[in-house]
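Q: What would the 3D arrangement of this be:
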Amino acid sequence: QVQLVESGGALVQVGGSLRLSCVFSGDAFGTYAMGWFRQAPEKEREFVAHISASADRIYSTASVKGRFTISRDNAKNTMYLQMNSLKPEDTAVYYCAARPNWKLGLNDYDYWGQGTQVTVSS
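A: Sure thing, here's the model as predicted:
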């Protein structure tokens with residue numbers, strides 16, 4: 001059974017940086033596409049970024065382009081989200097997600113982590 005464990009969330013000031021990690025276990029990491037999502041209080045969960053199994057396809061939502069970078073290390077079974085120039089509106093619980101790489105779409109994921117809290121203070 002695939003398991004995902006996020007870490008790296010914290011309280012940070014506006015303009016600061018954080019790097020989130022997502023450790024994958026339970027199957028062959030290199031055959032899964034991965035994604036980051038976030039959910040702010042009283043808001044619906046939203047897509048943040050996606051990376052294919054071999055990292056040849058990367059997508060991110062417009063609000064984080066130029067500030068957030070998704071990456072993965074298949075040798076370490078780990079995905080990352082480098083977040084720079086953080087804004088108060090980035091405050092949310094961040095979730096990592098996984099799906100087999102052959103699946104299409106950016107919102108159809110099979111496995112989810114428990115989330116890690118990111119709070120950006122002004």
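Q: In the protein, which residue is most central in space?
A: W36 (2.5 Å; Cα atoms, centre = their mean).
Q: Double-check that residue against A92; I have them as touching.
A: No: the criterion here is Cβ atoms under 8 Å, and W36 misses it with A92 at 10.5 Å. C-beta coordinates here come from the backbone N, C-alpha and C atoms, glycine included.
Q: For the protein, which segments count as strands?
A: For the chain, applying DSSP state E gives strands covering 3-7, 11-13, 18-25, 32-39, 46-51, 58-60, 68-73, 78-83, 92-100, 111-112, 116-121.
Q: Can you add mean pLDDT and give those back as TSV?
A: Below are these laid out as TSV (pLDDT from 0 to 100):
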stretch	mean pLDDT
strand 3-7	98
strand 11-13	98
strand 18-25	98
strand 32-39	98
strand 46-51	97
strand 58-60	96
strand 68-73	98
strand 78-83	98
strand 92-100	97
strand 111-112	98
strand 116-121	98
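Q: Out of these, which is the most enclosed?
A: Of all the strands of the chain, strand 32-39 carries the top mean neighbour count, a mean of 24, counting by mean count of other Cβ atoms under 10 Å.
Q: Give me the helices and strands touching that strand, please.
A: Contacts defined by 3 or more Cβ pairs under 8 Å, 6 or more residues apart in numbering; DSSP states H and E place strand 32-39 against strand 18-25, strand 46-51, strand 68-73, strand 78-83, strand 92-100.
Q: could I get those as a markdown table with distance to Q117?
A: Putting the helices and strands packed on strand 32-39 into a markdown table (distance: least, Cβ to Cβ, whole Å) gives the following:
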| stretch | distance to Q117 |
| --- | --- |
| strand 18-25 | 11 |
| strand 46-51 | 15 |
| strand 68-73 | 16 |
| strand 78-83 | 13 |
| strand 92-100 | 5 |
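Q: Show me the one of these that comes nearest S7.
A: Minimum separation from S7 across the helices and strands packed on strand 32-39 (Cβ to Cβ) falls at strand 18-25, 5.1 Å.
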